[in-house]
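Novice: Fold the following for me, if possible:
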Amino acid sequence: MTLLAQLLQPLQGNRLRRLMLPLGLGALLASAPPLFAQDVLAGASLQPSATLRQGGAMFQIQRDGRSAYVFGTIHVGKADFYPMDAKVLQALQQSCCLALEIDPGNTQAMIPLMKKYGFYLDGKPHQKDLPPKLQKQLAALLDKYNMAPEQIASLKPWLIATMLGISEYASQGYLSQYGVDGTLASLAKSSNKRLVELETADAQLALLGNLPLVEQVQFLQDSVDEIQDPAKARRSLDLVNLWRNGDLDGLAAMLAEMNAEDSFASKFMQRSLLDGRNPGLADGIVKLTASATDPFIAIGMLHLVGPNSVLAILQQRGYTVKRIY
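Specialist: The predicted structure is shown next:
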């Protein structure tokens, strides 16, 4: 069962009885089955591909005699992402704790927040309030992903957009159950390592849940248009390949290209989901490294690229940054 499916169980009366999809909202809805994580830790029968790099990029940051590891993650994946590279696993094993954006396993805290920010709780279907063109496009995508209209009847537009994006990844074979954040969390917990949250689920969900309805609808429209545009839809696969290759320059170029487009979704992602959060993530890392010994910090890899990245902010604050994987 995926994390979103678990979150939706208490809401079964809201026309969501059959919603059992491998979905995620970034780190919020990334999860990994514990048995899978144990196999990754033990090596088990999961052998790294002979031709594929195992993915991500890792840095060592240092200031005032203290250091930490910073690793770039992705929130969906495939089984052949694992086991992670030996350098990454060794750094995690040597660390005192794991710091993530949020704890993806804290489902009990998430349930009321999902109700607050992601659902209409009046029991009425709201998709009929969307523009006719968008309703037609949405119907086509629901058919593509084998979903019935009533399965999304209670969801706000931003959450529908998120569902569609993760469903598109799933259609390409990339599932939230193999997301790197959730797997790292399970690995840390199986090793009795302390788990630190750099943000709160409330703050993350509020970024989208507090958008005015007109902007939520535009966010959904832009997301639908991107999925239905073959050239733009390829970006999802390009993003995975760039993560797999640890290609930070390629990711920065992709972000710059998207930001240059006249799209609310692209500009919102850069302005609010990345640039708006990066200073706070950097603050959390500074605080953690002042009190912990060699912590392992894992955040979405897009937070590590561009002129306003977390790494750039840390360098401005006196840290040396060295790439080690």
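Novice: Please count neighbours and contacts with C-alpha atoms only from this point.
Specialist: OK.
Novice: where exactly do the strands run in the stretch 151-300 of the chain?
Specialist: All strands of the stretch 151-300 of the chain, identified by DSSP state E, counting those that start in this stretch, fall at 194-197, 296-300.
Novice: Mean pLDDT and mean neighbour count for the ones you listed - can I get that in JSON lines?
Specialist: Below are the strands of the stretch 151-300 of the chain laid out as JSON lines (pLDDT from 0 to 100; neighbours: other Cα atoms under 10 Å):
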{"stretch": "strand 194-197", "mean pLDDT": "96", "mean neighbour count": "17"}
{"stretch": "strand 296-300", "mean pLDDT": "97", "mean neighbour count": "25"}
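Novice: could those be laid out in JSON lines, adding distance to residue 310?
Specialist: JSON lines is the format used below for the strands of the stretch 151-300 of the chain (distance: least, Cα to Cα, whole Å):
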{"stretch": "strand 194-197", "distance to residue 310": "16"}
{"stretch": "strand 296-300", "distance to residue 310": "10"}
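Novice: of all those, which lies closest to residue 218?
Specialist: With respect to residue 218, and counting by Cα to Cα, the nearest of the strands of the stretch 151-300 of the chain is strand 296-300 at 24.3 Å.
Novice: three-state assignment of the closest residue in space to residue 206 that isn't next to it in sequence?
Specialist: The spatial neighbour of residue 206 that comes closest, neighbours along the chain excluded (Cα to Cα, 6 or more residues apart in numbering), is residue 117 at 6.6 Å. At residue 117 the chain is in helix, as set by DSSP: H, G, I helix; E, B strand; the rest coil.
Novice: just checking, residue 117 touches residue 204?
Specialist: No: assessed by Cα atoms under 8 Å, residue 117 is found out of contact with residue 204, at 10.3 Å.
Novice: Find residues that contact each of those two.
Specialist: Contact criterion Cα atoms under 8 Å, 6 or more residues apart in numbering; residues shared by residue 117 and residue 204: none found.
Novice: any idea of the mean pLDDT in the lengthiest strand in the chain?
Specialist: Determined from DSSP state E, the single longest strand within the chain is strand 66-73. The average of the pLDDT scores along strand 66-73 is 97.
Novice: what's the answer for stretch 128-137, then?
Specialist: On average, the pLDDT along stretch 128-137 is 93.
Novice: Give me the distance between the two termini of it.
Specialist: 13 Å (Cα to Cα, to the nearest Å).
Novice: Just give me how far it sits from the chain centre.
Specialist: Centroid displacement of stretch 128-137 relative to its chain, using Cα atoms, centre = their mean, to the nearest Å, is 27 Å.
Novice: quick one, phi psi at residue 91?
Specialist: Backbone torsions for residue 91, taken as degrees, to the nearest 10, come to phi -60, psi -40.
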